[in-house]
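K.L.:
Provide a 3D model corresponding to the input given below.
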Amino acid sequence: MVKLETKKMSQRVMSNNICIKIYGFVLLSIFFFPQSLISAGSKVDLIEQNWPFNGIFGRFDKASLQRGFKVYREVCAGCHGIRHIAYRDLEDIGFTKDEVKSIAAEYELLDGPNDEGEMFTRFAKLSDKFVGPYENVNSARVANNGAYPPDLSLITKARAGGADYLYSLLNGYKEYPENFEASEGMYYNEYYPGHQIAMPAPIEDDIVEYDDGTEASQSQIARDVTSFLAWTAEPELETRKSLGVKTIFFLILLSIMLLGVKRKIWKDLD
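P.N.:
Residues are numbered from 1 along each chain as shown. Presented below is the predicted three-dimensional model:
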């Protein structure tokens, strides 16, 4: 009886060891053969841009941000919201307080309840988040043939490739290739996963008129609105980088001072 129990115990241990080895092999496979390598054959290289906000000393081009906001306001805002940004944040990209008040006053939102317990409509204020184009998800889907336009506040953070992906997407609309099985109501985009997207090409040459006289080519428009959406995803970027650079310089200076103190204390010892 004891021998039988011992035999069963040994079998269980062997079974557990096998499971552990299989599990370990699976984990190694995930780490050493990531999905990006498995699907490398179908990967499309993005259009890389030299963005001024990249790098440790990167900063936003405020003129480009203001042009990008104009593109968003006139082209994108009809379908996409930026619910994580307040109107007063526009002051950070060069708009005056009066200009921002004027922009906010163009939108109405539902507020309340008031003292009588009723909801009411009022014009947006500086402290309000951007008013979205739809009241709810269902109304958004109805207006877009079942597709839900995503909020663009964090779009450059939510997509692999970041700003380069968004810029590439906006410039990636083409005619369907031959023998491609196209779905009804979809558009071909060489940078979108699966190459079929519900959104028609949103920009083209001269779709907006820039106030500063910049030529409104498709490439320029895509670059400006991408810069603006990179800012909406991280409006504190310049502050964060400035603090980081100051911290690095402080640590370097502190290290030099500590090294000098160490040498002075131990200079008489071999």
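K.L.:
what bits of the stretch 1-150 of the chain have low per-residue confidence?
P.N.:
The model of the stretch 1-150 of the chain has pLDDT under 70 over residues 1-43.
K.L.:
Please enumerate the strands of it.
P.N.:
108-111, 120-123 (DSSP state E, counting those that start in this stretch).
K.L.:
which one of those lies closest to Leu170?
P.N.:
Closest of those to Leu170 is strand 108-111, at 28.8 Å (criterion: CB to CB). Yep, even glycine has a C-beta here, placed from its N, CA and C like the rest.
K.L.:
Pull the residues that contact the closest one.
P.N.:
Met119, Phe120, Thr121, Arg122, Phe123, Ala124, Asp128, Val131 (CB atoms under 8 Å, 6 or more residues apart in numbering).
K.L.:
Equivalent analysis for stretch 146-153, please.
P.N.:
Here stretch 146-153 makes contact (CB under 8 Å, 6+ apart) with 72, 76, 79-85, 132-133, 137, 140-141, 158, 198-199, 229, 232-233.
K.L.:
separation between the residue positioned nearest the centre of the chain and Ala86?
P.N.:
Residue closest to the average C-alpha location in the chain (CA atoms, centre = their mean): Thr156, at 2.0 Å. Thr156 sits 19 Å away from Ala86, going by CB to CB, to the nearest Å.
K.L.:
What are the buried residues along stretch 149-158?
P.N.:
For stretch 149-158, the neighbour count (16 or more other CB atoms under 10 Å) marks Pro149, Asp151, Leu152, Ser153, Leu154, Ile155, Thr156 as buried.
K.L.:
should've said stretch 189-204
P.N.:
For stretch 189-204, the neighbour count (16+ other CB under 10 Å) marks Asn189, Tyr191, Tyr192, His195, Gln196, Ile197, Met199, Ala201, Pro202, Ile203 as buried.
K.L.:
And for stretch 173-187?
P.N.:
Tyr173, Met186, Tyr187.
K.L.:
least confident pick among these?
P.N.:
Within the set of the buried residues of stretch 173-187, pLDDT is lowest for Met186 (91).
K.L.:
re earlier: format the buried residues of stretch 173-187 as JSON lines; extra columns: distance to Leu109 and secondary structure.
P.N.:
Below are those laid out as JSON lines (distance: CB to CB, whole Å; DSSP: H, G, I helix; E, B strand; the rest coil):
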{"residue": "Tyr173", "distance to Leu109": "33", "secondary structure": "strand"}
{"residue": "Met186", "distance to Leu109": "33", "secondary structure": "coil"}
{"residue": "Tyr187", "distance to Leu109": "32", "secondary structure": "strand"}
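K.L.:
Let's have the residues you listed in a markdown table, adding distance to Asn179.
P.N.:
Output for the buried residues of stretch 173-187, formatted as a markdown table (distance: CB to CB, whole Å):
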| residue | distance to Asn179 |
| --- | --- |
| Tyr173 | 19 |
| Met186 | 16 |
| Tyr187 | 17 |
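K.L.:
Among those residues, which one sits closest to Glu48?
P.N.:
Distances from Glu48 to the buried residues of stretch 173-187, taken as CB to CB, are shortest for Tyr173 (18.8 Å).
K.L.:
need the helices for the stretch 101-250 of the chain, in chain order.
P.N.:
Taking DSSP state H, counting those that start in this stretch to define them, one finds helices in the stretch 101-250 of the chain at 137-143, 155-158, 162-170, 218-233, 237-266.
K.L.:
out of these, nearest to Val44?
P.N.:
Val44 lies closest, by CB to CB, to one member of the helices of the stretch 101-250 of the chain: helix 162-170, at 8.2 Å.
K.L.:
I'd like to know which elements that closest one is packed against.
P.N.:
With contacts defined as 3 or more CB pairs under 8 Å, 6 or more residues apart in numbering; DSSP states H and E, helix 162-170 has these neighbours: helix 155-158, helix 218-233.
K.L.:
Run a quick neighbour tally on the closest residue to Gly81 other than its chain neighbours.
P.N.:
Distance criterion CB to CB, 6 or more residues apart in numbering; nearest residue to Gly81, sequence neighbours excluded, is Gly132 at 3.4 Å. Close neighbours of Gly132, defined as other CB atoms under 10 Å, add up to 18.
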